[in-house]
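In: coordinates only, sequence not included:
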DNA sequence: CGTGAAAAAGCGGCGTC
DNA sequence: GACGCCGCTTTTTCACG
């Protein structure tokens, strides 16, 4: 949970990798004036410490098939730790749930889901929300356009 | 915008890459029973066609420094194409805006932002929302916990 | 599509500061 | 501790069949 004091080299490396992680260690080294092995050591360290969570290809859902993105606001009855954890585990184990945020305010959870059809979504609401006695209310936003994706963290 | 008819090999490759794009073409080939160059040709084709949008490292914001994730619901006055495009371009050019979704219903846009502090967020609201005559109303959710990240598209 | 060779990248040890 | 240098191994890339 603690931050392992990233210096300006580390931040520069992250800035490159979060935009394009296929950039070779050699050119990264040229950009930040460091040798390729030094870059490699820093990347490995940040992977181990969890600063770099994963390396993935981002896929355009629109190009795949019938795929609909929906954003769901969730309100629970009880905010006890157990119920929050149950909800979290349920969402984590549901592949259609892409992202899950626990937020402050009247809304408790915000989910971003990708489903193949609205009937698919409807059956999921049954499983996740209607059959969940702790769900007080949920509101669905259907995404018409995903204008921006990146998970880039601003690094200054 | 059209889908370039992805066969089961393509989908299997995407399924691997969206979880870990450091997987070598050789092991991908072994999994789906194809040679490494064949895997590479398919990857290149999907990159060119836009199915694969980008290749990135995902960074844990909590490990970086003071970083706060907020989710904003936006309601506009006018939903004319010009105004929607203006808004879209504004959000696209703002680095703090991580993700931007145009949605149906009373809410028009949902933004996911990462800011270094609440005062940082406050100054952004001025620039993006208060100084924007087309913004009717916005609602802020502060993220306490990012329980799930992936941008994985379910592939069946 | 697969094979195989050449080029590039990743990886690890070792000496230095 | 971190750096750079130098080989070795793996991966990527691109010919050709």
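Out: Here it is on my side, so go on. Just so it is clear, the model here is predicted, and its values are computed rather than measured.

In: Who are the packing partners of the least confident helix or strand in chain A by mean pLDDT?
Out: Least confident element among the helices and strands of chain A, by mean pLDDT, DSSP states H and E: helix A:81-92 (a mean of 90). Counting contacts by 3 or more Cβ pairs under 8 Å, 6 or more residues apart in numbering or on different chains; DSSP states H and E, helix A:81-92 is packed against strand A:68-76, strand A:97-103, strand A:109-115, strand B:135-148. (Glycine included, C-beta is placed from N, CA and C.)

In: Pipe those into CSV and attach mean neighbour count, distance to residue A:91 and mean pLDDT per row.
Out: Formatted as CSV, the helices and strands packed on helix A:81-92 follow (neighbours: other Cβ atoms under 10 Å in any protein chain shown; distance: least, Cβ to Cβ, whole Å; pLDDT from 0 to 100):
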stretch, mean neighbour count, distance to residue A:91, mean pLDDT
strand A:68-76, 20, 9, 95
strand A:97-103, 22, 5, 94
strand A:109-115, 23, 6, 95
strand B:135-148, 17, 6, 93
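
In: Please identify the residues of chain A in proximity to DNA strand D?
Out: A:9, A:29, A:33-35, A:37-38, A:41-42 (Cβ under 7 Å from any atom of the strand).

In: from the residues you listed, which two are the most distant?
Out: Within these, two members stand farthest from each other by Cβ to Cβ: A:33 and A:41, at 15.4 Å.

In: what about those two, which has more around it?
Out: Using other Cβ atoms under 10 Å in any protein chain shown, the more surrounded residue of residue A:33 and residue A:41 is residue A:41, with 13 against 9.

In: sec struct for that one, please.
Out: Under DSSP: H, G, I helix; E, B strand; the rest coil, residue A:41 falls in the helix class.

In: And it, how far from residue A:34?
Out: Per Cβ to Cβ, to the nearest Å, residue A:41 is found 10 Å from residue A:34.

In: just to revisit the earlier point, let's have the helices and strands packed on helix A:81-92 in JSON lines, adding distance to residue A:49.
Out: Formatted as JSON lines, the helices and strands packed on helix A:81-92 follow (distance: least, Cβ to Cβ, whole Å):
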{"stretch": "strand A:68-76", "distance to residue A:49": "31"}
{"stretch": "strand A:97-103", "distance to residue A:49": "23"}
{"stretch": "strand A:109-115", "distance to residue A:49": "27"}
{"stretch": "strand B:135-148", "distance to residue A:49": "17"}
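
In: Need those strands in a markdown table (columns: distance to DNA strand C).
Out: Listed next are the helices and strands packed on helix A:81-92 as a markdown table, based on distance: least, Cβ to the nearest atom of the strand, whole Å:
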| stretch | distance to DNA strand C |
| --- | --- |
| strand A:68-76 | 30 |
| strand A:97-103 | 27 |
| strand A:109-115 | 27 |
| strand B:135-148 | 27 |
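
In: Mind checking those strands for the one nearest to residue A:22?
Out: Residue A:22 lies closest, by Cβ to Cβ, to one member of the helices and strands packed on helix A:81-92: strand A:97-103, at 22.8 Å.

In: List the buried residues in stretch A:24-42.
Out: Judged by neighbour count using 16 or more other Cβ atoms under 10 Å in any protein chain shown, the buried positions of stretch A:24-42 are A:25, A:28-29, A:32, A:34, A:38-39, A:42.

In: and if you look at stretch A:56-70?
Out: A:56-64, A:67-70.

In: Report the beta-bridge partner residues of the spatially most central residue of chain A.
Out: The residue lying closest to the centre of chain A (Cα atoms, centre = their mean) is residue A:99, at 4.9 Å. On the basis of DSSP bridges, residue A:99 is bridged to residue A:112.

In: So it sits against residue A:109, correct?
Out: No. Using Cβ atoms under 8 Å, residue A:99 makes no contact with residue A:109, being 10.6 Å away.

In: rewinding a little: out of the buried residues of stretch A:24-42, the closest to DNA strand C would be?
Out: For the buried residues of stretch A:24-42, the residue nearest DNA strand C by Cβ to the nearest atom of the strand is residue A:25; the value is 3.5 Å.

In: that older thread, which one of the helices and strands packed on helix A:81-92 lies nearest to residue A:147?
Out: Proximity to residue A:147, assessed across those by Cβ to Cβ, is greatest for strand A:68-76 (11.7 Å).
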